[in-house]
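Colleague: Predicted model and sequence below, questions to follow.
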Amino acid sequence: MNRVAVAAFGPDRPGMVAAITGVLMGHGGNLEDTSMTILRGHFAMMLVVAMPEGEAPAVLEDSLSREVSALGLTVVVRPLGDGTGMADEASASSWSVSVYGSDRPGIVHRITRLLADHGANIVDLSTRVTGSFPDLVYVMLFDITLGASADVDRLQAELATLSEELGVEAHIRPHESDVL
Amino acid sequence: MTLARPVLHLPHPVLSRPAAALEDIDRKAVDLAHALLDTMRSSGHSVGVAAPQIGVSLRAFCLDVTGHRRARSCHGELVLFNPVIIEHSGSEIGREGCMSVPDLTGDVARATAMVVEGLGLDGEQRRLEVDAFEARAMQHEIDHLDGLLFVDRVVAPGRVFPRRVYRAE
């Protein structure tokens, strides 16, 4: 399978998704998983696209850049390998983590460093700055998976200590889904 | 002999169509109930099945939250025809999966307590007070009768996730 990653970013305005996907369709592409959102007034897209064999990422990138530059979009296209990345062990558990507090540099880095040291795999993460200057509040929400060997009690204790140091609130809770 | 039937997957049109009320709890309705129960029992990971999931566009579902960690109210194994939500209160976001939506789960806001009326297997009117997990599961099944899947209800587009456990079975 000839898969490419397409990332595009630009000041938000109507028609961006239609423009990008129109060019992809013209090249015979088929969208697979995508994530698109507005970040501080900029529309950001990440798309995994299955392309016909022989469609070179560089050619597609040129074509996209030409077609959508009028919309102020920056576009990058890169080939993707066949690998699907790291597979969770069947016994992995899912957790939701929420962190919020006064905005300051380093919150995401310190928290995610701690999680990585515990072998946690982040599967979804979004952060928002809310409130108005100078009382900016940073809100970070993410989902992680933990392997069966992870020590959740120790992770929780270390997260509490780190939160205190950073002056933020942090909560971690199991996120089990039920098949109804 | 099991009456279990295959569970339809989206985008099957029956799953997206509002189901019709049953006029009588007759022999056919009871057969449907047993098909629902057998289908639920034969899939160890499911706590409920609605008629549209087995291709029958009628307002019926079965449910059993016995032994579930997050259950408070528990009416055991039950079948309800023509269910109607009389009252509901509270709201809580939880992650749901569905046998008709393989591979995905999603975060859905549901009432935390409800009063539901409908007809039981014997054709008699039943009035059930449910809360916690039983209330969530019942709302999920009643949604099936209205042609809605959890993907129609997720709290935000980003709150849909790959499912990890179900496919391993």
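Modeller: On my side now, so go ahead.

Colleague: quick one, helices of chain A?
Modeller: Under the criterion DSSP state H, chain A contains helices at A:16-26, A:57-68, A:107-117, A:152-166.

Colleague: between the first one and helix A:57-68, how big is the angle?
Modeller: Put simply, helix A:16-26 runs at 140 degrees to helix A:57-68, going by axes from the mean of the first three to the mean of the last three C-alpha atoms, to 10 degrees.

Colleague: Show me which positions of helix A:16-26 end up buried.
Modeller: Neighbour counts over helix A:16-26 (16 or more other C-beta atoms under 10 Å in any protein chain shown) mark A:16, A:19-21, A:23-24 as buried. For glycine as for every other residue, the C-beta is placed from the backbone atoms N, C-alpha and C.

Colleague: from the chain's centre, how far out does it sit?
Modeller: Taking C-alpha atoms, centre = their mean, to the nearest Å, one finds the center of helix A:16-26 at 21 Å from the center of the full chain.

Colleague: can you tell me if it touches chain B.
Modeller: No: using C-beta under 8 Å from any C-beta of the partner chain, helix A:16-26 stays clear of chain B, with a minimum separation of 12.4 Å.

Colleague: Tell me which other helices or strands the helix-or-strand element of chain A with minimal mean pLDDT touches.
Modeller: Within chain A, no helix or strand scores below strand A:178-179, which has a mean of 84 by mean pLDDT, DSSP states H and E. Packing partners of strand A:178-179 (3 or more C-beta pairs under 8 Å, 6 or more residues apart in numbering or on different chains; DSSP states H and E): strand B:92-98, helix B:132-145.

Colleague: now it: how far from the chain's centre is it?
Modeller: Computed by C-alpha atoms, centre = their mean, the chain-centroid distance of strand A:178-179 equals 25 Å.

Colleague: Who does it pair with, and is each partner parallel or antiparallel?
Modeller: Using DSSP bridges, strand A:178-179 pairs in its sheet with strand B:92-98 (parallel).

Colleague: hmm, who's touching the partner strand?
Modeller: For strand B:92-98, the external contacting residues (C-beta atoms under 8 Å, 6 or more residues apart in numbering or on different chains) are A:175-180, B:104-110, B:112, B:136, B:140, B:149-150, B:155, B:161, B:163, B:166.

Colleague: Okay, helices next: where are they in chain B?
Modeller: Here chain B has its helices, by DSSP H, at B:27-42, B:132-145.

Colleague: ok so, going back, just put the helices of chain A in CSV and tack on distance to B:Asp38 and mean pLDDT.
Modeller: Formatted as CSV, the helices of chain A follow (distance: least, C-beta to C-beta, whole Å; pLDDT from 0 to 100):
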stretch, distance to B:Asp38, mean pLDDT
helix A:16-26, 44, 95
helix A:57-68, 51, 94
helix A:107-117, 44, 95
helix A:152-166, 38, 94
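
Colleague: if we can go back for a sec, dump the helices and strands packed on strand A:178-179 to a markdown table, plus mean neighbour count and mean pLDDT.
Modeller: A markdown table is the format used below for these (neighbours: other C-beta atoms under 10 Å in any protein chain shown; pLDDT from 0 to 100):
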| stretch | mean neighbour count | mean pLDDT |
| --- | --- | --- |
| strand B:92-98 | 20 | 92 |
| helix B:132-145 | 24 | 97 |
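
Colleague: out of these, nearest to B:Ala29?
Modeller: Minimum separation from B:Ala29 across the helices and strands packed on strand A:178-179 (C-beta to C-beta) falls at helix B:132-145, 14.1 Å.

Colleague: which residues are in contact with the helix or strand bottoming out on mean pLDDT in chain B?
Modeller: Ranking every helix and strand in chain B by mean pLDDT, DSSP H and E puts strand B:160-162 at the bottom, with a mean of 81. Strand B:160-162 is contacted by residues A:123-124, A:143, A:177, B:95, B:103-106, B:151, B:154 when judged by C-beta under 8 Å, 6+ apart.

Colleague: quick one: which of these is most hemmed in?
Modeller: B:Thr105 (27 neighbours; other C-beta atoms under 10 Å in any protein chain shown).

Colleague: Next up, the contacts around that residue.
Modeller: By C-beta under 8 Å, 6+ apart, the contact list for B:Thr105 reads A:177, B:95-97, B:160-163.

Colleague: sorry, back to before: could the helices and strands packed on strand A:178-179 go into TSV alongside distance to B:Asp31?
Modeller: Converted to TSV, those look like this (distance: least, C-beta to C-beta, whole Å):
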stretch	distance to B:Asp31
strand B:92-98	24
helix B:132-145	18
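
Colleague: quick one, strands of the chain?
Modeller: The chain I'm using is chain A. A:2-11, A:30-39, A:42-51, A:74-80, A:93-102, A:121-130, A:137-146, A:168-174, A:178-179 (DSSP state E).

Colleague: try chain B instead
Modeller: Going by DSSP E, chain B shows strands at B:48-50, B:60-63, B:78-89, B:92-98, B:101-110, B:113-119, B:125-131, B:160-162.

Colleague: looking at these, which one has the lowest mean pLDDT?
Modeller: Sorting those by mean pLDDT places strand B:160-162 lowest, at a mean of 81.

Colleague: List the buried residues for that strand?
Modeller: Applying 16+ other C-beta under 10 Å to strand B:160-162 flags B:160-161 as buried.

Colleague: now swap in stretch A:93-102 and tell me
Modeller: Under the neighbour-count criterion of 16+ other C-beta under 10 Å, stretch A:93-102 has A:93-97, A:99-101 buried.
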